[in-house]
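Peer 1: Task: produce atomic coordinates for the following.
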Amino acid sequence: MVQNTGFSRPTIERAVKKLKELNLIVRIGGDKGGHWEIIEQSNK
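Peer 2: Below you'll find the predicted structure:
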């Protein structure tokens, strides 16, 4: 993500932490082979 965005590692870590706290992303799989997935929000 650092290479793709140009943001520093600490900045990305803060963003991921905030997204997790807001239940907007979830980790699928393990640390090495997994990925982050955006949680779909319904507009109810």
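Peer 1: mind listing the strands for this structure?
Peer 2: Secondary structure of the chain (DSSP state E): strands at 25-28, 35-38.
Peer 1: pull the CA atoms of the first one into CSV?
Peer 2: Only the C-alpha atoms of strand 25-28 are listed here, as CSV (Å, rounded to 0.1, in the frame of the first residue of the first chain):
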residue,chain,number,x,y,z
ILE,A,25,-13.2,-3.3,6.3
VAL,A,26,-12.6,-6.9,7.4
ARG,A,27,-9.5,-9.1,7.1
ILE,A,28,-10.0,-12.2,5.0
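Peer 1: Tell me the buried residues in that strand?
Peer 2: By neighbour count on 16 or more other CB atoms under 10 Å, the buried set for strand 25-28 is Ile25. In this view, the C-beta of every residue, glycine as well, is placed from N, C-alpha and C.
Peer 1: Check which helices and strands it is in contact with.
Peer 2: Counting by 3 or more CB pairs under 8 Å, 6 or more residues apart in numbering; DSSP states H and E, the packing neighbours recorded for strand 25-28 are helix 9-21, strand 35-38.
Peer 1: For stretch 3-10, give the mean pLDDT please.
Peer 2: For stretch 3-10, mean pLDDT is 95.
Peer 1: and what of stretch 13-29?
Peer 2: Throughout stretch 13-29, pLDDT has a mean value of 95.
Peer 1: List of residues touching that stretch?
Peer 2: Stretch 13-29 is contacted from outside by 7, 34-39, 41, using CB atoms under 8 Å, 6 or more residues apart in numbering.
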